[in-house]
Every structure is written in structure tokens, then in C-alpha cells.
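Asker: for reference, the sequence and a predicted model appear below.
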Amino acid sequence: MENDLNFETFLFVSPKKIILSVNQKKDFKVIYKNEIFFNNPSDELNFEKIENFLDENIFKVEKTLDSFVQNINIAIFSKDIFNLKISVKKNDHNKIINNSALIYLLNDAKDDCKDSLKDKKIIHILIDDYLIDDNFYQELPQNLICKSFSLDLNFICLPENLIKNLEKILKNYQISVNQFLSGRYVEEYSIKENVSFF
């Protein structure tokens, strides 16, 4: 029996296609993969087609693995993905920038955006830039004492109802969602890093 710790399951959903891929964790070797394309796609996710696709594939996967799929990662391409770009700043810091200062600013930004993010779940928080004492950085410098610093952030969010619909479908198979991902973000990252989408 295949150990659940040895493989990872991915579901890619978009209005144009659905892909289910199971990969070994140690070398990313594909254990199982199936996909379906739609001839006349709308720009909406079709939950009925997603459910039918999973009906046809989950038991095949579990038979191949000789194990139950318990967790899944879902990458979504959807027009309903919502991006919110903001900047947050901390003045009179006069301390070394560290992870706790960074977390403080991130939490402060999330709190400030609660009304804008109502009925949405944040699936990615991207830091586009660090501005430290009027100097831009692509990565957080280590052990730097500064007077002020700010972050340019990009929150990538999904509507709660979309998440609930997908979780409801997966509950039929006793599968929990590890994480929701923006398909576009993962695709761009994969191309940039020259790695497989899955």
C-alpha cells in the first residue's frame, strides 16, 4: 500500500480543462495523470463537470496507489480570482528588520483590508517589493537596521462560495483540501523557475 506521505495529489480546474495529477514527493515522478478538455468553454467553472471528472478518476487513482487520497492541492484558473495590491509602511522603526516585524506588517495589512476582502479567502500573499529607508529591495535584507520600511503587497483571493463548492464536491470522496492556489500564479512561477506546473 502506497503511503500518503509519499505522494501528492493536484487538481487543476479551469473553464477550459481539468487535470488530476498524482506525483511522488521524492522525485516528482507522475504516478497517475488524466485530463479533459472542453470544446466550447464558457468563462465559468463548471462544478458538474468537475464532479463527473472526479467520479471517473478518484477510484482509479486509489486503485493505482492502493491507498486512499486524503488530501489534495487545487490550482484554479478563474475570472473570479481577485487581486488586491496595497502598500503598508512602518515609520520610526529604528530596529533590525526581522521576521516578526515582517509578520506584524503583513497582519496589519490584512486587518486594513478586511472590508475589501469580505467573502473572500486569501490564497497567496505576495511581497512585490521592500522599500527600506527609500531603497528598493527584491528580497528582505538580513540584519539591516532602518528607520522606516514598507511593503508592496499583492493579495490573491478566491470567493468563499467557490471554495465551498469545491470542498463540498471533494467531501463526497472524504478528501480535504491542503491548499488552494492561483493557477496563473503557479504557472508564471513554474515558467520562471523552469519547473513542472505540478
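Answerer: Perfect, thanks for sending it. Everything numeric in this text was worked out from a predicted model, so none of it was measured.

Asker: so which elements touch the longest helix along the chain?
Answerer: The helix that spans the most residues within the chain, counting by DSSP state H, is helix 47-65. Applying 3 or more C-beta pairs under 8 Å, 6 or more residues apart in numbering; DSSP states H and E, one finds that helix 47-65 makes contact with strand 7-13, strand 17-24, strand 30-37, helix 160-171. Glycine gets a C-beta too; all of them are placed from N, C-alpha and C.

Asker: for it, which positions count as buried?
Answerer: By 16 or more other C-beta atoms under 10 Å, the buried positions in helix 47-65 come out as I50, E51, F53, L54, N57, I58, V61, E62, L65.

Asker: likewise for stretch 114-131?
Answerer: Buried residues in stretch 114-131, counted by 16+ other C-beta under 10 Å: K120, I123, H124, I127, Y130, L131.

Asker: any idea which element the last one lies in?
Answerer: So the one you mean is L131. Following DSSP states H and E, one finds L131 within strand 120-132.

Asker: heading C-terminal from that strand, find the next helix or strand.
Answerer: Using DSSP H and E, the next helix or strand after strand 120-132 towards the C-terminus is strand 135-137.

Asker: strand partners (parallel or antiparallel) of that following strand?
Answerer: Strand pairing for strand 135-137, using DSSP bridges, gives strand 120-132 (antiparallel).

Asker: what's the average pLDDT for the strand it pairs with?
Answerer: On average, the pLDDT along strand 120-132 is 92.

Asker: ok, P15 - contacts?
Answerer: By C-beta atoms under 8 Å, 6 or more residues apart in numbering, P15 lies in contact with F38, P41, S42, D43, E44, L45, N46, F77, S78.

Asker: look up how far N143 lies from it.
Answerer: 47 Å (C-beta to C-beta, to the nearest Å).
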